[in-house]
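Colleague: model this:
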Amino acid sequence: MPFKLEKLGRFLLRGLRIGASTIAIVELLRSDWNGGISASLAWLVFLQVERQLPPAVDDSET
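Modeller: The predicted model follows:
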């Protein structure tokens, strides 16, 4: 099984997006507005980057 760098990158980007959204929610619930807004902006950036990526190639067809 060859190492797929693109698949790893997508996995890490998804992890960053989930982490940023979780931190944003926790910080906003704690009324830490600077941290909450910063994490929310990071989440939006990660979301836009993920949407700009081309569709994943399915390896099962080859």
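
Colleague: tell me which residue lies nearest the centroid of this structure.
Modeller: residue 17 (2.4 Å; Cα atoms, centre = their mean).

Colleague: mind pulling up the phi and psi values for the residue lying closest to that one once chain neighbours are set aside?
Modeller: Of all residues not flanking residue 17 in the chain, residue 46 sits nearest, at 4.2 Å (Cβ to Cβ, 6 or more residues apart in numbering). The way it works is simple: take the backbone N, C-alpha and C, and place the C-beta from them, glycine included. Reported as degrees, to the nearest 10, the phi and psi values for residue 46 are phi -60, psi -40.

Colleague: could you measure residue 46 against residue 6, distance?
Modeller: For residue 46, the distance to residue 6 (Cβ to Cβ, to the nearest Å) stands at 16 Å.

Colleague: more neighbours: these two, which one.
Modeller: More crowded of residue 46 and residue 6, by other Cβ atoms under 10 Å: residue 46, with 19 against 11.

Colleague: list the residues that contact the more buried one.
Modeller: Applying Cβ atoms under 8 Å, 6 or more residues apart in numbering, one finds that residue 46 lies in contact with 13, 16, 17, 20.

Colleague: out of those, list just those in helices.
Modeller: In helices, judged by DSSP state H, the following of the contacts of residue 46 are found: 13, 16, 17, 20.

Colleague: my read is that the third one contacts residue 48, right?
Modeller: No - under the criterion of Cβ atoms under 8 Å, residue 17 is not in contact with residue 48, lying 10.2 Å apart.

Colleague: returning to that earlier point: which of the ones in helices among the contacts of residue 46 has the most neighbours?
Modeller: residue 20 (20 neighbours).
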